[in-house]
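Q: got a predicted structure plus its sequence, pasted below:
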Amino acid sequence: MADYSNTLYQQLEQETGVKTGYVKTGSLCLAQNQDRFISLKRLASRLKVLGIRCDVITPKQVAELHPLVNIHDLVGAVHVPGDAVVCPPDVNHALVVAAAKNGVQIHEHTSVNHVMVQKGHVTGVETDRGTIDCDYFVNCAGQWAYELGLSTEDPVSVPVHACEHFYLLTKPLEQPLQPHTPVVMDLDGRIYVRAWQGGVLSGGFEKNPKPIFTEGRSQLEIQGMQEDWDHFEPMLSALLRRMPSLDSCEIHQLINWPESFTPDMRCIMGETQTVHGYFVLGGMNSSGLSFAGGGGRYLAEWMTYGYPSENVWPLDVKRFGTLQSSRTFLRHRVMEVMPLLYELKVPRWDFQTGRQLRTSPLYDRLDTQGARWMEKHGFERAKYFVPSGKDLLALDQSKTFYKPDWFDIVGAEVKCCKEAVCVVDMSSFTKFELSSSGDQALELLQRLCANDLDVPVGHIVHTGMLNHRGGYENDCSVVRLSKNRFFIISPSDQQVHCWSWIKQHMPSDSQLQLEDVTWKYTALNVIGPRAMDVLSELSYVPLTPDHFPSLFCKEMSVGYANGIRVMSMTHTGEPGFMLYIPIEYALHVYNEVMSVGQKYGIRNSGYYALRSLRIEKFFAFWGQDLDAFTTPLECGREFRVKFDKGTEFIGREALLQQRQVGVRRRFIMFLLEDHNTELDLWPWWGEPIYRNEEPVGVTSSSAYSYTLERHVCLGFVKPPQTDPGAPTVVTADFINRGEYEVEIGGHRYPAKAKLYPFSSLFAQQRRRKDDMELSSFQGK
């Protein structure tokens, strides 16, 4: 979005005749320590793949580019020559002029009282100057977006909250700073500095931000906020350390201005769940000017065509639920978010505020057994379990781009999943029930799902819900509980989006009933070869494949508890069962499983082990590997598409056309070679993929495989755009003939690429090696 904004602002003056103050300055991101430098090098690698020039430079080169920067404590920097600055009011004026030329009416000094809604659709806007009829409304009210959303007849949740943001303006220096001087971002000092009218403009993101409550306060009151030099002092000190020569400059003004922030540091855009035609674009987290052009483009595409031209799920308003709209939650979260903008974020970091908001009934029980927690869609999920005797404080504070301290702990959990039995609390999964009096539920799912849902009662179907382009709107498992009743299981962060997608396609006068039952069931994943033994003892029912085949569901008794939905799947490729337990029975069933499982070596496990298991099995996950622009044919899931099931499902025509012409990108599994797990940087996600020295994609998921004893990366590959003679269709031959590398922090590692899992082949090779070593030992 920032790259598009840069291009747009550069063209505006020529198109409108209005000066925008556009100056190509370039930017410098400074690193005061090696971890920061690694983070910047990872960023530089990604920007290069996107076609944005980005150079990793030395402190000496920094001094050559900027005359004021003190480089004594720097270890390196990243230089982006194409970055630019503009004058925000002038850009705004130019956009207004361009819009007016195209027929847009602009009403200044006009207050919106509320948005009018009928039958779930926008019909107009009531202002203090009268009513405007409309089919679409965009909430771009910034820090007031939250209040404006609530003023709608059908309230809309827009989770943003404002904080005070301070920046300093100086008078011209003795030797005025040239306008083209690079913008400096000293992330470790928490400040940014740019040239301004011969002097400097400098602000930052302090550790102790000051939230603003906007209820009942007018725009003029908010704009008239006071200076606070005591609060700004740490940033002023950081500025003088970085640019000591500014010590003698004259201050023009300290400005205190509101900025709105979101709960996850990403802006909000898209159509809301509750009101059709009500769109949102806001919560820019102090990057409004950088993202405005690109954000406006995507939103315009969304409103015009029904979808943007790129995957913007990380920004979609439907990633949030009502749980993120608590004013207290937002106030506490933005106090963490604002400092995090310049904080060093190592892989797998977690927010610390707004926690324990949604928990499983087993939370306290698992916590006392050493669970270390992460949060997904407000739900607490165990990462791993720290054995007794470990230094918990040191483990929690361990942050690194290299081999993490939890490596052996997760390895032991993976080993237990493969050799004995483990229990994973997966209650955060989204769970819906769809039912009808007749065949309406089946007919709807046959229309929404690419796979065939007309299966016998008790069968489980893995399927995608596709859009008209054939891309995944949802990736789910559907259980047919009875003839007209279905249980739908989706990823945790799909709760709002999946609900919205299904409701959007439900007939308005139907006899269908859709219920969100996420809170009704605790989900336990019992994984491993001894899972069958544990559950057989507790249920007195044979669970062998002959009696309980794969992808089958049966309501059973487990211990004293009745009505437990036992499903023969684990989401990992390992043997085992999912148990969906009414919450009042959760603690009893868990205790019984752990008690009986002692003889089989049972232990708790977390999501880090699940991640390792699913990635080595080449399983794609929605939101990480799959999105609304990924089709089943691109990720090897054509077997889950039933073209001949007799129903014209959404996306069928797009898939038939893609099958005829071929796919333009393909989901690939990469096994890193010549990579030292102990000493080298680890891949996490977003690492560039090279084929024959040409960039062809980035990784979407990465994990260490304890089975293969090396790193596995998953990602999409498409032919390089730099080679006009390259094929436009990705075939197996194209994949197999390439020499691949994965770049981690500027260093490339060779990788083997496959269209199928490595795990089976390497497991066989390892067993043969172990057998040979054992035979050699016994012969001595």
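A: Looks like it came in fine. Numbering: from 1, shown residues only.

Q: number of nearby residues for residue 607?
A: Neighbourhood size, residue 607 [other Cβ atoms under 10 Å]: 19. For glycine as for every other residue, the C-beta is placed from the backbone atoms N, C-alpha and C.

Q: scratch that, residue 204 is what I was asking about
A: 26.

Q: surely it meets residue 237?
A: No - here residue 204 does not reach residue 237: they are 10.6 Å apart, not a contact under Cβ atoms under 8 Å.

Q: quick one: the strands in the stretch 601-750 of the chain?
A: Taking DSSP state E, counting those that start in this stretch to define them, one finds strands in the stretch 601-750 of the chain at 603-604, 666-672, 688-691, 694-705, 710-717, 740-744, 747-754.

Q: if you could redo that for the stretch 401-550 of the chain, that was the one I meant.
A: 422-425, 430-435, 460-466, 472-482, 485-490, 513-516, 521-527.

Q: hang on, the earlier thing: using TSV, lay out the strands of the stretch 601-750 of the chain together with distance to residue 387 and mean pLDDT.
A: TSV is the format used below for those (distance: least, Cβ to Cβ, whole Å; pLDDT from 0 to 100):
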stretch	distance to residue 387	mean pLDDT
strand 603-604	9	98
strand 666-672	29	96
strand 688-691	36	96
strand 694-705	19	96
strand 710-717	24	96
strand 740-744	30	97
strand 747-754	32	96
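
Q: how about TSV for those strands, with distance to residue 402 added?
A: Shown next, in TSV, are the strands of the stretch 601-750 of the chain (distance: least, Cβ to Cβ, whole Å):
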stretch	distance to residue 402
strand 603-604	26
strand 666-672	14
strand 688-691	19
strand 694-705	12
strand 710-717	12
strand 740-744	11
strand 747-754	13
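
Q: could you dump those strands to TSV with distance to residue 596 and mean neighbour count?
A: Converted to TSV, the strands of the stretch 601-750 of the chain look like this (distance: least, Cβ to Cβ, whole Å; neighbours: other Cβ atoms under 10 Å):
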stretch	distance to residue 596	mean neighbour count
strand 603-604	14	21
strand 666-672	37	24
strand 688-691	46	23
strand 694-705	30	21
strand 710-717	34	24
strand 740-744	44	24
strand 747-754	39	18
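
Q: tell me which of those strands sits nearest to residue 187.
A: strand 740-744 (20.4 Å; Cβ to Cβ).

Q: could I get the closest one in PDB with only the CA atoms?
A: These are the backbone C-alpha positions of strand 740-744, laid out as PDB (Å, rounded to 0.1, in the frame of the first residue of the first chain):
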ATOM      1  CA  TYR A 740      16.100 -23.400  -5.200                       C
ATOM      2  CA  GLU A 741      17.300 -21.200  -2.300                       C
ATOM      3  CA  VAL A 742      15.600 -19.600   0.700                       C
ATOM      4  CA  GLU A 743      17.000 -16.300   1.900                       C
ATOM      5  CA  ILE A 744      17.100 -15.700   5.600                       C
END
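
Q: give me the contact list for it.
A: 42, 45, 670, 672, 680-683, 687-691, 699, 713, 748-753 (Cβ atoms under 8 Å, 6 or more residues apart in numbering).

Q: strand partners (parallel or antiparallel) of that strand?
A: Paired strands of strand 740-744, with direction, are strand 688-691 (antiparallel), strand 747-754 (antiparallel) (DSSP bridges).

Q: can you give me the offset of the first one from its chain's centre?
A: Centroid displacement of strand 688-691 relative to its chain, using Cα atoms, centre = their mean, to the nearest Å, is 22 Å.

Q: and for the longest one?
A: A distance of 25 Å separates the C-alpha centroid of strand 747-754 from that of its chain, computed with Cα atoms, centre = their mean.

Q: quick one, that strand and strand 666-672 angle?
A: Strand 747-754 runs at 120 degrees relative to strand 666-672, counting by axes from the mean of the first three to the mean of the last three Cα atoms, to 10 degrees.

Q: contacts for strand 747-754, please.
A: When contacts are defined by Cβ under 8 Å, 6+ apart, strand 747-754 is touched by residues 668-675, 680-681, 689-690, 713, 717, 735-736, 738-743, 758.

Q: buried set for stretch 555-572?
A: Across stretch 555-572, burial judged by 16 or more other Cβ atoms under 10 Å covers 556, 558-559, 561, 564-572.

Q: any stretches of the chain with poor pLDDT?
A: The model of the chain has pLDDT under 70 over residues 214-224, 391-398, 722-727, 758-780.

Q: quick one, helices of the stretch 251-400 of the chain?
A: In the stretch 251-400 of the chain, the helices defined using DSSP state H, counting those that start in this stretch lie at 288-305, 327-340, 363-367, 392-397.

Q: mind putting those into a markdown table with distance to residue 637 and mean neighbour count?
A: Below are the helices of the stretch 251-400 of the chain laid out as a markdown table (distance: least, Cβ to Cβ, whole Å; neighbours: other Cβ under 10 Å):
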| stretch | distance to residue 637 | mean neighbour count |
| --- | --- | --- |
| helix 288-305 | 25 | 18 |
| helix 327-340 | 36 | 19 |
| helix 363-367 | 33 | 16 |
| helix 392-397 | 37 | 11 |
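
Q: with distance to residue 494 as extra columns, can I get those in CSV?
A: Formatted as CSV, the helices of the stretch 251-400 of the chain follow (distance: least, Cβ to Cβ, whole Å):
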stretch, distance to residue 494
helix 288-305, 19
helix 327-340, 21
helix 363-367, 22
helix 392-397, 29
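
Q: between those helices, which one is nearest to residue 510?
A: Closest to residue 510 of the helices of the stretch 251-400 of the chain, according to Cβ to Cβ: helix 288-305, at 27.0 Å.

Q: nearest to residue 497, out of the helices of the stretch 251-400 of the chain?
A: Comparison of the helices of the stretch 251-400 of the chain against residue 497 by Cβ to Cβ identifies helix 288-305 as nearest, at 14.1 Å.

Q: cool, thanks, talk later.
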